[in-house]
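> Following is a predicted model, sequence given first.
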Protein chains: 6
Amino acid sequence: MSDFTRADGRALDELRPVRITRNFTTNPAGSVLVEFGNTRVMCTASVEEGVPRFKRDSGEGWLTAEYAMLPSATHERMPRESMRGKVKGRTHEISRLVARSLRAAVDLAELGENTIQLDCDVLQADGGTRTASITGAYVALADAVAYLERQGVVPGKPLLDPIAAVSVGIIDGHPCLDLPYEEDSRAEVDLNVVMQSSGNFVEVQGTGEHGLFGRTELDAMLDLAQKGCAELIAAQKAALGWEA
Amino acid sequence: MSDFTRADGRALDELRPVRITRNFTTNPAGSVLVEFGNTRVMCTASVEEGVPRFKRDSGEGWLTAEYAMLPSATHERMPRESMRGKVKGRTHEISRLVARSLRAAVDLAELGENTIQLDCDVLQADGGTRTASITGAYVALADAVAYLERQGVVPGKPLLDPIAAVSVGIIDGHPCLDLPYEEDSRAEVDLNVVMQSSGNFVEVQGTGEHGLFGRTELDAMLDLAQKGCAELIAAQKAALGWEA
Amino acid sequence: MSDFTRADGRALDELRPVRITRNFTTNPAGSVLVEFGNTRVMCTASVEEGVPRFKRDSGEGWLTAEYAMLPSATHERMPRESMRGKVKGRTHEISRLVARSLRAAVDLAELGENTIQLDCDVLQADGGTRTASITGAYVALADAVAYLERQGVVPGKPLLDPIAAVSVGIIDGHPCLDLPYEEDSRAEVDLNVVMQSSGNFVEVQGTGEHGLFGRTELDAMLDLAQKGCAELIAAQKAALGWEA
Amino acid sequence: MSDFTRADGRALDELRPVRITRNFTTNPAGSVLVEFGNTRVMCTASVEEGVPRFKRDSGEGWLTAEYAMLPSATHERMPRESMRGKVKGRTHEISRLVARSLRAAVDLAELGENTIQLDCDVLQADGGTRTASITGAYVALADAVAYLERQGVVPGKPLLDPIAAVSVGIIDGHPCLDLPYEEDSRAEVDLNVVMQSSGNFVEVQGTGEHGLFGRTELDAMLDLAQKGCAELIAAQKAALGWEA
Amino acid sequence: MSDFTRADGRALDELRPVRITRNFTTNPAGSVLVEFGNTRVMCTASVEEGVPRFKRDSGEGWLTAEYAMLPSATHERMPRESMRGKVKGRTHEISRLVARSLRAAVDLAELGENTIQLDCDVLQADGGTRTASITGAYVALADAVAYLERQGVVPGKPLLDPIAAVSVGIIDGHPCLDLPYEEDSRAEVDLNVVMQSSGNFVEVQGTGEHGLFGRTELDAMLDLAQKGCAELIAAQKAALGWEA
Amino acid sequence: MSDFTRADGRALDELRPVRITRNFTTNPAGSVLVEFGNTRVMCTASVEEGVPRFKRDSGEGWLTAEYAMLPSATHERMPRESMRGKVKGRTHEISRLVARSLRAAVDLAELGENTIQLDCDVLQADGGTRTASITGAYVALADAVAYLERQGVVPGKPLLDPIAAVSVGIIDGHPCLDLPYEEDSRAEVDLNVVMQSSGNFVEVQGTGEHGLFGRTELDAMLDLAQKGCAELIAAQKAALGWEA
């Protein structure tokens, strides 16, 4: 173990540099550029009066999300999904994860019959695009909720405590925090964790396609994830100008 | 807590009755009807010589999977995906989960350049369709590998140790094993676990859309899942006529 | 001619063994597994209040049908239509045939503004899947109508006399009843007949892709079809517990 | 019966005026405008060297067909199928019928590895568009085969005896030949027959959505169809300048 | 320059023979066959009460257009867009051009809440299909507006002054009017101009994929286009029986 | 006329502030952020060995382009084209314009059998997205060609003279250069011009949906466009570090 080092020199439990830029674009109610190292995602929150049919007359709002990669975001250009005429399973899966996760950060009853649409568009991909998306989307959501409150159209206080997400992997037997692409592609096990500032989990997804994992390894990975999410939530709060 | 009971009278750590019927249909190399209570899934494994383009000349085989619900499988009929012209995100997500999980049960190098296509078609849905699919698919896979071995077209011993899957949820604060639809729809937290006979995890997916969960609850749920998977693997072995 | 025999030893005018299992699944109002030899089709009838837009305020109900093959139903697995993103012409054609035929077995005015959706999903294909679908669908329809009557939501007596369907083909010059796949694929002429218990025709479709046919041959095939449909209708009545 | 008259004054066994115009357009190898009264269909036969993959190296050619309606062909404009992104079941069904029927008029082995693509585009619809399509397509096919023969690229004599198609219906109990839209929409029974000049059937499709039909009625309709097809084949021969 | 001649012997500033046939088909409110030499387009104008959602309660009408080629219109048959499941970019682009251009010929406020749908279906293509479409569509539009006026359903006088369109190209350095396919495919520069009878432009689209062009060449091409459009508008007026 | 002023205070012939940022992302061979005022487009040029089928064995390369808007780029969020399953006509039209224009800036024979794929993704839209796309794409193309030259895989000098594009409109009778959204939506006439550094035109597209335009107005608009393009080409050269 003593001789294992990461290509970018980070400690095993160290995040890549995190940058959160608010007001990245001006049209959406919330617009954030989030960077985890070289991974860069534009996260926006658009607001709309009214709710989809299945929520109508419920008195509650709705929040949904779409994740996508720009075709030139990856090292090798990927075909554009709109041109293929269908969305890949991976894209669907991540969109659903982002939506589910962020719904844990909003009280739909307090939101009233308004809809928030999150869009996470990956400008540059270097691993961890789904966790960066979730982390950035919370900040965009916070700005959008503040916008709605300034407009006076929300009946309550819809924004809940911050959530953030991070990946953990096991590489050559070593649990490592926040994997860039090069590590992600050779990790034996890959765990994505979405966590609230309370320390409770919103989502835990561990996959061992290149190897199985036991309870001990799962515990070690969860410990790293908890540390990483806590740091990301601190970065979110700093970006939002909230007390530490 | 003492007065919490399940609608079907099961203990909190008790599986629904499990039935695994091999040779359910005759055309595919493996064909299994798996039942978890009222959930019934037809799992087939079809074999084909050759591999998809991205695996060509690798010397390795490939395994893929598709999950789908018949339109009349659910209480309220659902539109047929082929008629809608696109596959829902949920379907994609489960297909990917099944494929990823079962690839942990096969050694692609030992398989040689052959492809195994799993199809999990839900005839009747009552919760746990994805875990039943994985559990049944392993048995269909075992039959298909045996068929390939009888044909003499696999270079090695591709079948690995059994894997099975089960759901766990927290209902009114109580961790419960193997949720039927009625429980699933009101669970605060939902965990799907895919496990190998070794006790190691292949996949852990925990989601708290109606509530968050802490480490303690996660641990309790993992304990239940481990118990459930062990019993399912025993049922698989019995169905396959393997030593207990 | 004296030495022509069928591979399965049947007489030229003999049906394959027919099995009709009601209540095959529990969610739809009617659910039937129909078997013509090795051909097995799950036929369900789902009910819904209201009618499609083009029937609204007509006072009449509606009946529609979808036919599909599971990908592993055939000897060689076929691509799943939902994944291809479009439905094949053959599937469309049979769905339309099933719907048209079963509308001859229901009085839409007596049904009131309710919709019955038939689904015929082929679990195992060995020729005659469309005729088995129609034959099984009548039984599922009967159960669904009975369900609606028990609910008290139909104004009249919508169920009409039984209809059934069978295929006939000419093989090496011999008219044969109820062709399995092996015979179907080499028949010179293929005739599908849908008939009512009255002996009247609902639909007659004769095709001579591998050879033409004269009036004499058509007459001989229609005779066989009439005999076959009469026997199938007897089997439907027996399954439904109706007087012979 | 004595007081039944048709809106256009025709006898019950009389065709509408038939016009067959060859060389309607100049790019395809065969191009025909066929008119059955107000129904007008442009039928073209395009030729291409080579065959689809499933016929490659068979030494045989292939023939396929597509049928479509221009959006403004019907009284009320219909949405364009290319804009809807999918082809209707009715369109698929007729395309398949046209292809199947015309394959009875060509010897694929004599054609050699060439492909003939028929296109039947309805410019104006007034009933009988599928039968007019088949009737016109034979003439376009004949011209295309002659073109291929002039090019010296067919090994044999691929063109077989003429085929033609006509509709028959029962209206107020009266069998009537060649139904325009107004009659077609209220016919109790509708029969489409494709016949060869030999008097043998290529295809017989009878449908009784608004009423059933017995053997006697079927026989009466087949008699009318035989008379109609014989007259259409005479018109084809005249258009092609063949001996009567 | 003295020795440059066109394949069809026309002067550089000479149109191909133009034919405009009204009432080409009978179902749409306006139906025109327009021919520019061998290019033949069926242009129809269908009318419908009411307007699309985005125009509802505006008091104004709407006009839209779809352009398409029949698959056999070109020398080499092109795949049918409905079968491909999507419309090509070129088709979209021309449909938009036709709609935009013809909206310059109708006063939507005077039209009231009625919709006019133009369909331009190319029966035979030999260059200039988009300009022929626009030129023919004006005549179909005029007939459709006259029909609406006869029905008494338009509040005002919606038809504006005639518009027509023509192509100009530079071939071997020579500006030429109204290019057939053979010239179009080798032109260095291609200009499509839509013009009103007033001499004002509706649309000017110049493209230099095989070569750039300067102001002088643009001016020369615009001169030719103005001459061509004036002649086409005279032909439209003659076809409509308007004073010269 | 003396009292006409633009909302942002610009002179009628003044561009918005132009910023061109190279190396905006790191994966593609060329990656540029181009800003025309508040319009921001990420333009990338990805390179690939080999050419599409229709160019194979031609010895020439290929260049293609795709334009798209992020859903949150506009003031009101637009549905994502990949989720709708089809690309809008406007998107197709602009993609084709960008590709056609940039092919005027590259010598495909000098490029050898390599493909350059341009992607223009609009991050923020405020009018002129297509002209900004073309202007930025040239810079990305220049970087990609330089990359290919450094790799030693191009046989010649494929990059041609710079091209740039700008919009001009007529607002309340005044020709104005480089329209933001607010001006664009109320312009009577809209002209997009693509020009080479030589002063020659690559593409001229003028549209008068809200009003026609005469030769005099066209001339005035072309003058403005020529001035604007010259300035944009100077900005491109500056960004590329080329001599003024």
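Perfect, I can see it now.

> mean confidence for the helix or strand where residue A:149 lies?
Taking DSSP states H and E as the definition, one finds residue A:149 inside helix A:129-151. The pLDDT scores in helix A:129-151 average 98.

> Name the SS class of residue A:191, please.
Put simply, residue A:191 is strand when judged by DSSP: H, G, I helix; E, B strand; the rest coil.

> angle of the helix or strand hosting residue A:218 against helix A:129-151?
Assignment of secondary structure by DSSP H and E places residue A:218 within helix A:215-240. Helix A:215-240 and helix A:129-151 are oriented at 40 degrees to each other (axes from the mean of the first three to the mean of the last three CA atoms, to 10 degrees).

> do helix A:215-240 and chain B meet at all?
Yes - shown here: helix A:215-240 in contact with chain B (CB under 8 Å from any CB of the partner chain) through A:215, A:218, A:222. Every C-beta, even on glycine, is put in place using the N, C-alpha and C of the backbone.

> how close does the last one get to residue B:188?
According to CB to CB, to the nearest Å, residue A:222 stands 19 Å off from residue B:188.

> What of the second one?
Spatial separation of residue A:218 from residue B:188 under the definition CB to CB is 21 Å.

> Give me the more crowded residue out of the two.
Taking neighbours as other CB atoms under 10 Å in any protein chain shown, residue A:218 and residue B:188 compare with residue A:218 leading, 24 against 17.

> how far away is that one from chain D?
Remark: distance between residue A:218 and chain D (CB to the nearest CB, to the nearest Å) = 45 Å.

> How about residue A:66?
21 Å.

> quick one, what contacts that residue?
By CB atoms under 8 Å, 6 or more residues apart in numbering or on different chains, residue A:66 lies in contact with A:95, A:117-120, F:71, F:80, F:83.

> Considering only the residues you listed, which also neighbour chain B?
residue A:95.

> of the contacts of residue A:66, closest to residue D:36?
Closest to residue D:36 out of the contacts of residue A:66 is residue F:83 (44.9 Å), distances taken as CB to CB.

> What is the neighbour count of the closest one?
Residues lying near residue F:83 (other CB under 10 Å) number 17.

> separation between residue A:90 and residue A:125?
Applying CB to CB, the value for residue A:90 to residue A:125 is 12 Å.

> more crowded one of these two?
Set residue A:90 next to residue A:125 and count neighbours by other CB under 10 Å: residue A:125 wins out with 23 against 14.

> Tell me the pLDDT of the more buried one.
In this model, residue A:125 is scored at 98, pLDDT.

> nearest spatial neighbour of it, skipping sequence neighbours?
Spatial nearest neighbour of residue A:125, excluding adjacent residues (CB to CB, 6 or more residues apart in numbering or on different chains): residue A:73 at 4.5 Å.

> Spit out the contact partners of that neighbour.
Residues in contact with residue A:73 (CB under 8 Å, 6+ apart) are A:122-125, F:25, F:27.

> Tell me which stretches of chain A form helices.
For chain A, applying DSSP state H gives helices covering A:81-84, A:89-103, A:108-111, A:129-151, A:181-184, A:215-240.

> TSV for those, including distance to residue F:12?
Shown next, in TSV, are the helices of chain A (distance: least, CB to CB, whole Å):
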stretch	distance to residue F:12
helix A:81-84	37
helix A:89-103	45
helix A:108-111	46
helix A:129-151	35
helix A:181-184	49
helix A:215-240	41
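
> the bottom helix or strand of chain A by mean pLDDT?
One helix or strand of chain A scores below all others by mean pLDDT, DSSP states H and E: helix A:81-84, with a mean of 88.
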